[in-house]
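>>> Quick one: sequence plus predicted model below, questions after.
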Amino acid sequence: MKVEFECRKCRMVVFLEEYNKSRFCPNCGTFLKSKRLKNTVVGSQPPKPPIEIRPEDINLASLFFEYNNYSPIAPGGGIVFSSVDNWISARKRAYKMFREKFSGEKLLDFDYLSGVFKDWLLFRNNLSWTTLQRTGYSALEKPERLAELIILLRNDNLDVGERVRRGLVDKEKVRGIGQGILTGLLHTFFDDKYCVWNSRTQDTLKILRRPIGKYSDIGKSYKTVNRKILEMAQELETDLTTLDGFMWFISKHVQFI
């Protein structure tokens, strides 16, 4: 029996060979779900012991090697990837799909925008961050404000610190969208330029002894975080999406003794 995967939206069925090329429906772009085999869930995997290390013994390159060779990897939502490379590739395909959906005059169709944003909030679609929907659904109450915010974030002619400040504390602020969701959107739109800044990023930077300090201006704080993450990416010869996964890996699989 061939392994089949079905699109939840248009019901198109693809086989394993096509699924390995892309986890998204070739017809409508929706995330594919196993038709005859259940998704492997985190609980069904034998737990791996944490990587134990003393904070003073942290070697960034060694930790990054452990991360890149950790297999299988279960980042959330009961979805398991055979390798970090497969996970990161799937994330980047998801970003590309959402960049196309969050673009142009379609943003002025508020019903359309609400549907796309709701899809983006869910891990099974963004493949990057869990629990965004806990607060993010509140933004759907005023889709016209959400459209204004997304247009602001996509305007790369504006300084990114200004965009972050306006989106988090000034007139473009939208209920339900904090710094995790806002910078997650920025990263989705410009995954080669702007990092994600959430509590996991903050805590991991402290663990790695790269704290950002305190600024009265949240836009300046984000630019400092982004600069440190870009420097780390350059140091490890990697990209921001892979590094965001590395932040998650440290927080989930490294135990400091």
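That came in fine, so what should we check first?
>>> When you work out contacts or count neighbours from here on, use the C-alpha atoms and nothing else.
Will do.
>>> pLDDT on stretch 29-37, on average?
In this model, stretch 29-37 has a mean pLDDT of 63.
>>> so what's P143 up against?
Contact analysis of P143 by CA atoms under 8 Å, 6 or more residues apart in numbering lists 110-111, 113-114.
>>> quick one, domains of the protein?
4-34, 42-256 (automatic domain parsing).
>>> so where's this structure uncertain?
1-4, 10, 34-47 (pLDDT under 70).
>>> if you set the cut-off to 90 instead, what comes out?
Low-confidence segments of the chain (pLDDT under 90): 1-60, 62, 77-78, 104-106, 170-171, 199-200, 202-216, 253-257.
>>> how about the strands in it?
4-7, 13-15, 32-34, 51-53, 73-76, 79-81, 254-256 (DSSP state E).
>>> okay, those in CSV with distance to L243 and mean neighbour count next?
Formatted as CSV, the strands of the chain follow (distance: least, CA to CA, whole Å; neighbours: other CA atoms under 10 Å):
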stretch, distance to L243, mean neighbour count
strand 4-7, 30, 21
strand 13-15, 31, 18
strand 32-34, 26, 22
strand 51-53, 18, 13
strand 73-76, 14, 19
strand 79-81, 17, 17
strand 254-256, 15, 15
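>>> With distance to D119 added, can I get those in CSV?
Shown next, in CSV, are those (distance: least, CA to CA, whole Å):
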stretch, distance to D119
strand 4-7, 14
strand 13-15, 21
strand 32-34, 14
strand 51-53, 34
strand 73-76, 16
strand 79-81, 16
strand 254-256, 31
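>>> Of all these, which one comes closest to V160?
Nearest of the strands of the chain to V160, taken as CA to CA: strand 73-76 at 28.2 Å.
>>> what does the closest one rub up against?
42, 80-84, 87, 123, 128-130.
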